[in-house]
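Visitor: pasting the structure only:
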């Protein structure tokens, strides 16, 4: 028999649109108290209001923002690392280092910071769950699918 999610706390990064917003909706429908995070306050506030959850604006790549999220949402039973950006839209030789680094900071450092913030508390309480979301877009060439026309 599956464990009940009623009353448990979830934090969803990148929850203001797309997959993250739908994950937040599903978790709220399952009875979880959902904290929606993201950089665009208006988007996360809309989703949080729709589901009866909480909105916390900030940047997943910024340690202070992440620490604030987990201080406010604690104790978190489920972390959904969904925040991410698409990689380069130009060929490798045209990619600028600052643009490449931003992708790394959001997609990799952000996951690390969130896990680092929540794992000690989960271990102290004897459990919790972390779900890392990724996309098949990672396998696409720059600019998406090549044209067959």
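Guide: The structure has been received and is ready for your questions. What you are looking at is a predicted structure, and each value in this text was computed from that prediction instead of being measured.
Visitor: quick one, longest helix in the protein?
Guide: In the chain, with assignment by DSSP state H, the single longest helix is helix 110-125.
Visitor: Quick one: mean pLDDT over it.
Guide: Helix 110-125 carries an average pLDDT of 97.
Visitor: List the buried residues of that helix.
Guide: 110-111, 113-114, 117-118, 122 (16 or more other Cβ atoms under 10 Å). (Each C-beta comes from the backbone N, C-alpha and C, glycine too.)
Visitor: And the contacts of that helix?
Guide: With contact meaning Cβ atoms under 8 Å, 6 or more residues apart in numbering, helix 110-125 is reached by 11, 13, 60-61, 63, 66-67, 69-70, 74-76, 79, 81, 83-84, 128, 130, 132.
Visitor: Might you quantify the distance of it from its chain's geometric centre?
Guide: 14 Å (Cα atoms, centre = their mean, to the nearest Å).
Visitor: May I have the beta-bridge partners of residue 12?
Guide: Beta-bridge partners recorded for residue 12 (DSSP bridges): residue 36, residue 80.
Visitor: Run through the residues that contact it.
Guide: Counted by Cβ under 8 Å, 6+ apart, residue 12 has contacts 20, 23-24, 27, 34-37, 80, 82.
Visitor: quick one: pLDDT of it?
Guide: At residue 12, pLDDT is 98.
Visitor: who touches stretch 36-56?
Guide: 11-17, 20-21, 24-25, 28-29, 33-35, 57-60, 68-69, 72-73, 83.
Visitor: Buried by neighbour count, from the residues you listed: which ones?
Guide: Using 16+ other Cβ under 10 Å, the buried members of the contacts of stretch 36-56 are 11-16, 20-21, 24-25, 28, 33-35, 57-60, 68-69, 73, 83.
Visitor: This structure: strands as residue ranges?
Guide: 9-12, 33-38, 54-57, 78-81, 129-132 (DSSP state E).
Visitor: Which of these sits closest to residue 96?
Guide: strand 33-38 (24.8 Å; Cβ to Cβ).
Visitor: Helix 110-125 and the closest one, what's the angle between them?
Guide: 160 degrees (axes from the mean of the first three to the mean of the last three Cα atoms, to 10 degrees).
Visitor: State the mean pLDDT of strand 33-38.
Guide: 98.
Visitor: Tell me the buried residues in the lowest-mean-pLDDT helix or strand in the chain?
Guide: In the chain, the helix or strand scored least confidently by mean pLDDT, DSSP states H and E is helix 97-104, which has a mean of 88. Using 16+ other Cβ under 10 Å as the test for burial, helix 97-104 gives no buried residues.
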